[in-house]
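**Q** Have a look; sequence and predicted model below, questions after that.
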Amino acid sequence: MKAADHPDLSGHVALVTGASSGLGRRAALVLAEAGAKVVALARRADALKSLEDEAAGSVVAMPADLIDRGGLADLARRAAEPFGAPDIVVHAAGINTREVADEVTPEGWDVTINLNLGVPFFLTQALVPAMKAKGWGRIVNFASLQSHRAFPGGVSYGASKGGVAQLTRAMAEAWSKDGICANAIGPGFFRTELTAAVFDDPERAARNAAQTCIGRNGEVEDMDGPLLFLCSDACAYVTGQVLMVDGGFTAK
């Protein structure tokens with residue numbers, strides 16, 4: 001999107017998890033371009049520093065490990081230090097262990113459910129009081145094609161992403177009366193670190209593209225408009241929804 005096409009997010013503070021790469025990194029940059037101040041959270045300090053440098057004062061890096069659920073309330077407190085309390089949160093952090101059903105381990109299951117489903121709830125829970133006080137908030141979870149369909153090697157991941165769809169509806173039921181809209185984006189196949197195994201197989205990537213209505217896989221720029229819509233005043237009467245940004249993959 002051109003900068004002139006962006007909604008104006010000046011005066012808003014966004015917290016983006018998983019911001020070191022892929023769609024999370026893109027989200028942080030796009031929100032900053034729209035005027036928001038952004039706290040970028042991920043484990044890899046070097047990648048976050050690169051993002052911080054590129055955004056030239058609009059993004060502050062906050063290296064952290066989300067796996068420690070007990071530390072999420074402190075993360076929420078720290079996220080408010082650079083620019084004030086976040087009133088936008090984008091949950092782009094995620095993991096896909098790709099363990100087939102007969103080989104799912106308790107460890108793989110637990111880390112997947114915790115990071116993909118537990119963290120978005122408990123981190124948001126810690127951010128909500130400030131959003132309530134402002135009377136305005138935007139929550140954007142990341143769902144998936146596997147919120148709706150079963151893929152090979154996707155038992156724990158699919159379970160977590162099916163949960164994200166319902167979590168989004170439950171968040172809307174709980175908090176939208178306070179001016180907080182909770183929605184989710186469901187990406188199709190985008191080339192990111194998380195989907196490297198898919199795109200490393202050209203034939204598989206081509207099959208996925210052919211299954212969309214549009215006839216191609218996603219580019220990170222395809223996420224800009226839907227994300228900005230869900231983070232702005234434009235979605236004031238839209239909440240509890242999963243917006244599939246998948247080129248029509250789930251329509252076929």
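**A** All right, it came through fine.
**Q** For stretch 65-73, buried residues please.
**A** For stretch 65-73, a neighbour-count test (16 or more other C-beta atoms under 10 Å) marks Leu66, Leu72 as buried. To be clear about C-beta, it is placed using only N, CA and C from the backbone, and glycine gets the same treatment.
**Q** what residues are up against the closest residue to Phe190 other than its chain neighbours?
**A** Spatial nearest neighbour of Phe190, chain neighbours left out: Gly218 (4.1 Å); criterion: C-beta to C-beta, 6 or more residues apart in numbering. By C-beta atoms under 8 Å, 6 or more residues apart in numbering, the contact list for Gly218 reads Pro187, Gly188, Phe189, Phe190, Arg191, Val245, Asp246, Gly247.
**Q** List only buried entries from those.
**A** For those, buried by 16+ other C-beta under 10 Å: Pro187, Gly188, Phe189, Phe190, Val245, Asp246, Gly247.
**Q** Among the contacts of Gly218, which are located in strands?
**A** In strands, judged by DSSP state E, the following of those are found: Pro187, Val245.
**Q** In the contacts of Gly218, which has the lowest confidence score?
**A** Across these, the bottom pLDDT score, 86, is held by Arg191.
**Q** and that residue, how far is that from Ala55?
**A** 22 Å (C-beta to C-beta, to the nearest Å).
**Q** Low-confidence ranges, the stretch 1-150 of the chain, go.
**A** 1-5 (pLDDT under 70).
**Q** Reformat the buried ones among the contacts of Gly218 as a markdown table; add distance to Ala27.
**A** Compiled in a markdown table, these are given as follows (distance: C-beta to C-beta, whole Å):
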| residue | distance to Ala27 |
| --- | --- |
| Pro187 | 11 |
| Gly188 | 16 |
| Phe189 | 18 |
| Phe190 | 12 |
| Val245 | 12 |
| Asp246 | 17 |
| Gly247 | 19 |
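**Q** Relative to Ile113, which of those residues is nearest.
**A** Pro187 (19.5 Å; C-beta to C-beta).
**Q** between the contacts of Gly218, which is closest to Gly153?
**A** Closest approach between the contacts of Gly218 and Gly153, by C-beta to C-beta: Phe189, at 15.0 Å.
**Q** where along the stretch 1-150 of the chain do the helices fall?
**A** 22-33, 45-55, 72-79, 106-113, 119-134 (DSSP state H, counting those that start in this stretch).
**Q** Tell me which of these sits most buried.
**A** helix 22-33 (a mean of 25; mean count of other C-beta atoms under 10 Å).
**Q** can you give me the angle that helix makes with helix 45-55?
**A** 30 degrees (axes from the mean of the first three to the mean of the last three C-alpha atoms, to 10 degrees).
**Q** what's helix 22-33 in contact with?
**A** So helix 22-33 is in contact with 1, 3, 6, 9, 14, 16-19, 38, 40, 42, 47, 51, 54-55, 58-59, 88, 90, 92-93, 142, 187, 190, 192-194, 220-221, 223-224, 227-228, 231, going by C-beta under 8 Å, 6+ apart.
**Q** Now the buried members of those residues.
**A** Using 16+ other C-beta under 10 Å, the buried members of these are 6, 9, 14, 16-19, 38, 40, 42, 47, 51, 55, 58-59, 88, 90, 92-93, 142, 187, 190, 192, 194, 220, 223-224, 227-228, 231.
**Q** was I right about Pro232 contacting Leu9?
**A** Careful, residue 232 is Ser and not Pro. Yes - Ser232 is in contact with Leu9 according to C-beta atoms under 8 Å; the separation is 6.4 Å.
**Q** coming back round to it: mind giving me TSV with the helices of the stretch 1-150 of the chain and columns for distance to Ala150?
**A** Output for those, formatted as TSV (distance: least, C-beta to C-beta, whole Å):
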stretch	distance to Ala150
helix 22-33	22
helix 45-55	32
helix 72-79	30
helix 106-113	15
helix 119-134	21
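**Q** Gly162: which of these is closest?
**A** Of all the helices of the stretch 1-150 of the chain, helix 106-113 comes closest under C-beta to C-beta, at 11.0 Å.
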